[in-house]
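Colleague: Fold the stuff below for me.
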Amino acid sequence: MLPIILLISLLALSSEAVFTQFVGVKGVLMCGDKPLANTKVKLYDDDSGPDLDDLLAEGTTDSLGQFLLSGHTSEVMTIDPKLNIYHDCDDGITPCQRKVTFNIPKAFVSSGENAKMFFNIGQVNMQIEFEVLQKRDIASNIALDDPNARCRNGGIYTGGICHCIHPHTGKSCEHFACVHGISVGLRYDPESLLFAEPCICDSGWAGELCTYKPDDKCQDRGEWKNNRCECIGFFFGSECQYTSRCVEGKILHGRCICNDRFEGDYCDRIICDFGTPNFFNRSLSCICPEKYTGRHCNQCKKTGPLVEKYPVCTFSIAKKKTYEHAMEIRRKAKAQMRKRIWIISVCVLALAIVAAFAFCVHMVHRDAKKAEEERRNRMRDERHILLTNQVKLQKL
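Modeller: Coordinates of the predicted model:
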């Protein structure tokens, strides 16, 4: 009885240690400038030792040379996926296919049976003379020689060097192309505590490849905290690029209609007449130069009145002549405005009188026409009565 219990326990422990892993790969195969259609592609789990590689998925490219494969398997350790391509590009009359192998990075292996991410090999021209390849007989499917992997992370070895796939770089494609930082190289492991990221970024830089500064990522609409943007006001999104309302305007037919002197998709940028937007205040106020003030920098600062559409703030109030000249300009501007208002009022009144006269004429004409129709109807009725009486008299 005891051996049976031990056997059941071992089976339970082994089943818990095994977990399902998923991997996917996609790309486009070309032969020169033409798509490499109907080309066989296979996705394997590369097993070391005498065991055969586990076939996860297989298929062929479409008429555009595109393919997409995905598969899953259950293993104790993280699988080593690889992609085999069997093609006849520029193979002449040789009865064998050329085989090219892409090693898929373990970073693209995820748990479960559903797709989470795909490794993209990009567009590959199979005319390249790969130094490491394998010829396979079509009829017998027997390997003629074994390749030796020289490039990591899906790199292709040709011309004596490894051609790496972004974002990998290095002699053997073992490093990451960190823009402002240092690559952790082969120590990269998403489950590691120290090397869970591919790059160690320089001070002030962030991102998977250290491509941006956190302070710039949030624009002027938030603050970078705890590796993310904490947005202010009505902004939201990974970079605070969205807003739930129009800041200085209203929504009409799904878009923001801005108030006067504001612009932008969300009406969040102020228009400054004399000055520049204050980016530290989400561009909702202006930084005015000397002698100007107001939200839009369109007023004079303690040096004189607003005399025109745009202020003239270059005079000194201590100079009486300059001040009187400015006041005269202001009086003329007001007089011109009153004159324009008077002309507009007269025109509106004249139009109203013309419209009223036309309406009266129309009403008189309509009444006269109605009276004429009533008179004709009475005469017609009277003739009808007379004719009817004459007919009756003739019958008698």
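Colleague: domain assignment for this protein?
Modeller: 18-173, 213-244, 249-300 (automatic domain parsing).
Colleague: Tabulate those domains (JSON lines), appending mean pLDDT and mean neighbour count.
Modeller: Heads up, the C-betas are built off the backbone N, CA and C, glycines and all. Listed next are those as JSON lines, based on pLDDT from 0 to 100; neighbours: other CB atoms under 10 Å:
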{"stretch": "domain 18-173", "mean pLDDT": "77", "mean neighbour count": "16"}
{"stretch": "domain 213-244", "mean pLDDT": "76", "mean neighbour count": "15"}
{"stretch": "domain 249-300", "mean pLDDT": "79", "mean neighbour count": "16"}
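Colleague: closest to His180 out of those?
Modeller: If you check each of the domains of the chain against His180 by CB to CB, domain 213-244 wins as the nearest, at 8.7 Å.
Colleague: Quick one: distance of the closest one to the chain centre.
Modeller: Counting by CA atoms, centre = their mean, to the nearest Å, domain 213-244 is centred 16 Å from the centre of its parent chain.
Colleague: Which residue ranges of the stretch 1-150 of the chain form helices?
Modeller: Ranges of helices in the stretch 1-150 of the chain, per DSSP state H, counting those that start in this stretch, are 2-17.
Colleague: residue boundaries of the strands in it?
Modeller: Using DSSP state E, counting those that start in this stretch, the strands of the stretch 1-150 of the chain run over residues 19-31, 34-35, 40-45, 54-60, 66-75, 81-87, 96-103, 110-111, 119-125, 134-137.
Colleague: Same list as before, those strands that is, but in CSV and with distance to Gly185 included.
Modeller: Supplementary listing: the strands of the stretch 1-150 of the chain in CSV, determined by distance: least, CB to CB, whole Å:
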stretch, distance to Gly185
strand 19-31, 22
strand 34-35, 36
strand 40-45, 24
strand 54-60, 27
strand 66-75, 25
strand 81-87, 20
strand 96-103, 16
strand 110-111, 22
strand 119-125, 19
strand 134-137, 28
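Colleague: ok but Ala196 is inside a strand, no?
Modeller: No: checked against DSSP: H, G, I helix; E, B strand; the rest coil, Ala196 lies outside a strand; its state is coil.
Colleague: Which residue is the nearest non-sequential neighbour of the spatially most central residue of the chain?
Modeller: Closest to where the C-alpha atoms of the chain average out (CA atoms, centre = their mean) is Gln241, at 10.2 Å. Once flanking residues are discounted, Gln241 sits nearest to Gln219: 7.3 Å by CB to CB, 6 or more residues apart in numbering.
Colleague: Distance of that neighbour relative to Cys231?
Modeller: Distance of Gln219 to Cys231, computed by CB to CB, to the nearest Å: 10 Å.
Colleague: Need the overlap of contacts for these two.
Modeller: Residues touching both Gln219 and Cys231 (CB atoms under 8 Å, 6 or more residues apart in numbering): Cys240.
Colleague: still on that earlier bit, so which of the domains of the chain gets nearest Val364?
Modeller: Ranking the domains of the chain by proximity to Val364 (CB to CB) places domain 249-300 first, at 46.0 Å.
Colleague: The residue nearest to the centre of the chain touches Asp220, doesn't it?
Modeller: No: counting by CB atoms under 8 Å, Gln241 stays clear of Asp220, with 11.6 Å between them.
Colleague: Need the residues touching each of the two.
Modeller: Overlap of the contact sets of Gln241 and Asp220 (by CB under 8 Å, 6+ apart) is empty.
Colleague: quick one: contacts for Gly24?
Modeller: Leu68, Leu69, Ser70, Gly71, Phe108, Ala115, Met117, Phe118, Phe119.
Colleague: any idea how far Ala57 is from the nearest residue to it once chain neighbours are set aside?
Modeller: Leaving aside its chain neighbours, Gly24 sits nearest to Ser70 (3.6 Å; criterion: CB to CB, 6+ apart). For Ser70, the distance to Ala57 (CB to CB) stands at 6 Å.
Colleague: Need the residues touching each of the two.
Modeller: Counting by CB under 8 Å, 6+ apart, the shared contacts of Ser70 and Ala57 are Leu43.
Colleague: So in terms of bridging, what pairs with His168?
Modeller: Beta bridges link His168 to Phe176 when assigned by DSSP bridges.
Colleague: Contacts only, for it.
Modeller: Pro105, Arg152, Asn153, Gly154, Gly155, Glu174, His175, Phe176, Ala177 are the contacts of His168 under CB under 8 Å, 6+ apart.
Colleague: Can you show me the helices along the stretch 201-350 of the chain?
Modeller: Assigned by DSSP H, counting those that start in this stretch, the stretch 201-350 of the chain shows helices spanning 214-217, 320-395.
Colleague: Done for today, thanks.
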